[in-house]
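Student: Curious how this folds, go ahead:
(4 chains)
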Protein chains: 2
Amino acid sequence: MTTPFEAMAGLDRLIHEPARLAILTALSAAQSVDFLFLQRLTGLTKGNLSTHLSKLEEAELVKIDKHFEGKKPITTIYLTTKGKTAINNHWQQLEQLRDNVREWEQQQKASE
Amino acid sequence: MTTPFEAMAGLDRLIHEPARLAILTALSAAQSVDFLFLQRLTGLTKGNLSTHLSKLEEAELVKIDKHFEGKKPITTIYLTTKGKTAINNHWQQLEQLRDNVREWEQQQKASE
DNA sequence: TAAAACCAGTTTGCATTACAAACCAGTTGT
DNA sequence: ACAACTGGTTTGTAATGCAAACTGGTTTTA
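Tutor: I've put the predicted structure just below:
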């Protein structure tokens, strides 16, 4: 049997990291986002946002579409299906873990 | 006004990091823990656990008491008051943020 | 019509990390 | 006596996360 704490320690850092958690959650809440809007939402610097997005793209959690709107280059970011389930599962997992901790706590008290 | 995503990106990494989240949560759930018990609970390697604990001690979130039990050296770890509120607040904050996201999401839909 | 300022990002450099392997001081088994 | 075990700590390394500097183009200003 594995404790909830062990599961906690094993949380996926790619998703759990605050900046990326913010990005993925924002993407799951908003329908479509371009780079600058996402920057405003998360408060990240451009450089920071850019590297996090690359990492997420590499993991196939987001899709990045670069195109022009008139003469302006625009980067639009989407969650992939994989990304959508990943971020939803992560939040669910956090909730679940917290419940499991409470349960574990009761069992400890009971078996004493 | 600051978005929930911005708050999310600003989460305290000292506490949020999976291994330390596990350690602090375990400490808040169990009454007293010695090093080896904590290692079993979290599944971390000794080295890893040791350095994380040092970091948490430095931040005054935990107190580390080294003493002998017969001839065995035993390290017992406690949450400080600061640590106790920190971990509780963190979990609460996560829950709160999730709620705030849902709220934000509704507002976006409404204002479209 | 230069050049200064701005836009939409990317790359670079650096300081911090998280991690496991190696290590250490002592104790127990054989 | 010496090998194996306990209870950890220190060390080395590869991977972050971050902002500052840069890039390639466009618009404004002088």
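Student: Would stretch A:12-20 count as contacting chain B?
Tutor: Yes: with C-beta under 8 Å from any C-beta of the partner chain as the measure, stretch A:12-20 is seen reaching chain B through A:13, A:16, A:18-19. Backbone N, C-alpha and C define where each C-beta goes, glycine included.
Student: which of these are close to DNA strand D?
Tutor: The overlap between those and the neighbourhood of DNA strand D (criterion: C-beta under 7 Å from any atom of the strand) consists of A:13, A:18-19.
Student: Which of these has the largest number of neighbours?
Tutor: Taking other C-beta atoms under 10 Å in any protein chain shown as the neighbour criterion, A:Ala19 ranks highest of those with 21 neighbours.
Student: got a list of what that residue touches?
Tutor: Shown in contact with A:Ala19 (C-beta atoms under 8 Å, 6 or more residues apart in numbering or on different chains): A:42, A:44, A:48-49, A:52, B:9.
Student: Which ones among these map onto helices?
Tutor: A:42, A:48-49, A:52, B:9 (DSSP state H).
Student: Considering only those residues, which also neighbour DNA strand D?
Tutor: Subset of these in contact with DNA strand D: A:48, A:52, counting by C-beta under 7 Å from any atom of the strand.
Student: Separate out the buried members of the ones in helices among the contacts of A:Ala19.
Tutor: Buried residues within these, counting neighbours by 16 or more other C-beta atoms under 10 Å in any protein chain shown: A:42, A:49, A:52, B:9.
Student: what's the closest of these to A:Phe35?
Tutor: A:Leu49 (7.1 Å; C-beta to C-beta).
Student: Need the nearest residue in space to the closest one, chain neighbours excluded.
Tutor: Counting by C-beta to C-beta, 6 or more residues apart in numbering or on different chains, A:Leu49 lies nearest to A:Gln39, which is 5.3 Å off, once chain neighbours are set aside.
Student: how far away is the one you found from DNA strand D?
Tutor: Using C-beta to the nearest atom of the strand, to the nearest Å, one obtains 11 Å as the distance from A:Gln39 to DNA strand D.
Student: and the most centrally placed residue in chain A, which of the three is it?
Tutor: With the centre of chain A defined as its mean C-alpha position, the nearest residue by C-alpha atoms, centre = their mean is A:Leu21, 3.3 Å away. When states are read from DSSP: H, G, I helix; E, B strand; the rest coil, the local structure at A:Leu21 comes out as helix.
Student: one step back: keep only the buried ones among the ones in helices among the contacts of A:Ala19 that also lie close to DNA strand C.
Tutor: Counting by C-beta under 7 Å from any atom of the strand, the subset of those that neighbours DNA strand C consists of A:Leu49.
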